[in-house]
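Engineer: Sequence and predicted structure are below.
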Amino acid sequence: MPKDASPKKQTNLDKWMPLGRPAGKAPKTQQRDTFGWESRVPEGITLGKKLIREQYGLMASQLNGVARKEVIVYGNKGHVYYERAVEWRAWETYGGPVGLWHRQDLQRHINQHGDTSDFLPPYDYRSGELYDVFLDDPPRLPDRYCHESPTLVHCKSQLPPWVWDACNKALDDALAQTKFSLSLSGERETAMLRAVDFVLAYPEYAARPASPLEMTSRVHAVAATLNCAVSPPPDSCDCFSTASEVGSYTLEARAHGFDWSEEYLEELFAAVLDAMQEHADEPDFWKSLRWLLYDKYVSVFARGLRYNRAFKTWSDGAREWLEGKMHGDVLQASLRTTCKSGMRYNERLPDLPLCRRSPRLLLDLAVPVA
């Protein structure tokens, strides 16, 4: 291979660049699951900008790309917007139908005017409509997985929302023989009951912070280091492959397949330690930072929550990134022993309970079920 064709390792300065974006470009819109976003706004109804601002909370700058038509008002050309498209843009902006329901602020109107007689909500939020804003509780959208199953509704109530989604997507992969999850509702119920046992045994899953970590300089460095990591090639089960063949110093062939290399782990753990030192006066800082590591490892190696259909068991190949201080054989089997920074990282972590499983759960997770 010619010298100039070899993979280029990023320098410490280079690592700070991936998080930036060219001036003038807006960040990508967050992808949302729009299942259950049902609109009953009739086709053809239009609104002007004033009413859009009052009912949907959208400014003119937020209407770019929304379907509209030209009108003549007092001899001047103008535009009105189709309400169905406006509603969808408001849902994208405020987190779906439920998010827009919370923005209606009916109580403030009552406080100012004494009653609801002059309150004019959006079409689908009127009394008796899909997302009735005059009700005490927000609307409940249908769930793509529950299919009105009481068992699955119970499971959903026991799991953090992100875990519910992750487990069901993993289950869809395991049940890939059919695209129709409803036809396998019984198997889905069994699997999700076991998922509840598995997840509740590890409190870390419920401890995911609701808001993103503040990007201080050292946290930025951790994120930039994570951005250097690349995914292994598809179907990379060949342990005789080398990292140089996939063009990244971040990968290394192990007995179980590709994983992060010793060189990369040394760099990553060092960046994490620097961030922990920067926030030394915040004892729980690590509990938020670890989710950056977990999410990246899951996305790179697809080793997050997984369901084994044959043995009816759940596992999580990325869970060590959420664990506190490790000891003994558990530590030796982890990536932390790969490098010196990893061992220092382990020593900095708090001790967490070694066993959070009930005897029944140990049997459920370890013994195949016919």
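Structural biologist: That came in fine, so what should we check first? Here the structure is a predicted model, which is why all the values come from computation and not from measurement. Residues are numbered from 1 along each chain as shown.
Engineer: switch to C-alpha atoms for all contacts and neighbour counts from now on
Structural biologist: OK.
Engineer: what's the closest non-adjacent residue to Arg303?
Structural biologist: Excluding its sequence neighbours, the residue lying closest to Arg303 (Cα to Cα, 6 or more residues apart in numbering) is Gly317, at 4.7 Å.
Engineer: what about that neighbour, distance to Pro160?
Structural biologist: The gap separating Gly317 from Pro160 is 19 Å, by Cα to Cα, to the nearest Å.
Engineer: sorry, back to before: give me the neighbour count for the residue nearest to Arg303.
Structural biologist: Applying other Cα atoms under 10 Å, we find 15 other residues in the vicinity of Gly317.
Engineer: Then the one 3 residues further on?
Structural biologist: For Glu320, the neighbour count with other Cα under 10 Å is 19.
Engineer: wait, isn't it in contact with Ala333?
Structural biologist: No - using Cα atoms under 8 Å, Glu320 is not in contact with Ala333, being 10.0 Å away.
Engineer: the helices in the stretch 1-150 of the chain, which residues?
Structural biologist: Counting by DSSP state H, counting those that start in this stretch, the stretch 1-150 of the chain has helices at residues 49-56, 83-94, 96-103, 106-113, 150-158.
Engineer: Buried residues in the helix or strand containing Glu347, which are they?
Structural biologist: According to DSSP states H and E, Glu347 maps onto helix 340-348. Of all the residues in helix 340-348, those buried under the rule 16 or more other Cα atoms under 10 Å are 341-343, 345-346.
Engineer: Dump those residues into CSV; add pLDDT and distance to Pro232 as well.
Structural biologist: CSV is the format used below for the buried residues of helix 340-348 (pLDDT from 0 to 100; distance: Cα to Cα, whole Å):
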residue, pLDDT, distance to Pro232
Ser341, 97, 24
Gly342, 97, 22
Met343, 97, 25
Tyr345, 97, 25
Asn346, 97, 26
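Engineer: For the helices of the stretch 1-150 of the chain, give me a markdown table that also has mean neighbour count and distance to Asn227.
Structural biologist: Formatted as a markdown table, the helices of the stretch 1-150 of the chain follow (neighbours: other Cα atoms under 10 Å; distance: least, Cα to Cα, whole Å):
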| stretch | mean neighbour count | distance to Asn227 |
| --- | --- | --- |
| helix 49-56 | 17 | 37 |
| helix 83-94 | 20 | 27 |
| helix 96-103 | 20 | 30 |
| helix 106-113 | 12 | 44 |
| helix 150-158 | 16 | 33 |
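Engineer: Compare those and report which one is nearest to Ala221.
Structural biologist: Nearest to Ala221, of all the helices of the stretch 1-150 of the chain, is helix 83-94, at 29.7 Å by Cα to Cα.
Engineer: mind listing what the residue nearest to Arg303 touches?
Structural biologist: Applying Cα atoms under 8 Å, 6 or more residues apart in numbering to Gly317 gives the contacts 303-305.
Engineer: out of those residues, which are buried?
Structural biologist: The neighbour count (16+ other Cα under 10 Å) marks 304-305 as buried among the contacts of Gly317.
Engineer: Show me which of the contacts of Gly317 has the smallest pLDDT value.
Structural biologist: In terms of pLDDT, Arg303 ranks lowest among the contacts of Gly317, with 90.
Engineer: which stretches of the protein form strands?
Structural biologist: Using DSSP state E, the strands found in the chain span residues 46-47, 68-73, 76-82, 251-254, 257-260, 305-308, 313-316.
Engineer: for the shortest one, packing partners?
Structural biologist: Counting contacts by 3 or more Cα pairs under 8 Å, 6 or more residues apart in numbering; DSSP states H and E, strand 46-47 is packed against strand 76-82.
Engineer: quick one: the residue lying farthest from the centre of the chain from Gly48, how far?
Structural biologist: Relative to the mean C-alpha coordinate of the chain, counting by Cα atoms, centre = their mean, the farthest residue is Gly75 (50.1 Å). Distance from Gly75 to Gly48, counting by Cα to Cα: 16 Å.
Engineer: try Pro160
Structural biologist: Per Cα to Cα, Pro160 is found 40 Å from Gly48.
Engineer: which residue packs closest to Val66, ignoring adjacent ones?
Structural biologist: Closest residue to Val66 apart from its sequence neighbours, by Cα to Cα, 6+ apart: Ala85 at 6.0 Å.
Engineer: Touching, the one you found and Ala67? I think so.
Structural biologist: Yes - contact criterion Cα under 8 Å: Ala85 and Ala67 qualify, at 6.1 Å.
Engineer: quick revisit: and the buried residues of helix 340-348, which is closest to Cys155?
Structural biologist: Proximity of those to Cys155 (Cα to Cα) peaks at Asn346, which lies at 33.6 Å.
Engineer: Let me see the contact set for the closest residue to that closest one other than its chain neighbours.
Structural biologist: In this structure, Asn346 finds its nearest non-sequential neighbour in Lys325, 5.3 Å apart by Cα to Cα, 6+ apart. Residues counted as contacts of Lys325 (Cα under 8 Å, 6+ apart) are 346-352.
Engineer: Can you redo these as a markdown table, where the extra columns are distance to Phe134?
Structural biologist: Below are those laid out as a markdown table (distance: Cα to Cα, whole Å):
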| residue | distance to Phe134 |
| --- | --- |
| Asn346 | 53 |
| Glu347 | 54 |
| Arg348 | 52 |
| Leu349 | 49 |
| Pro350 | 48 |
| Asp351 | 49 |
| Leu352 | 46 |
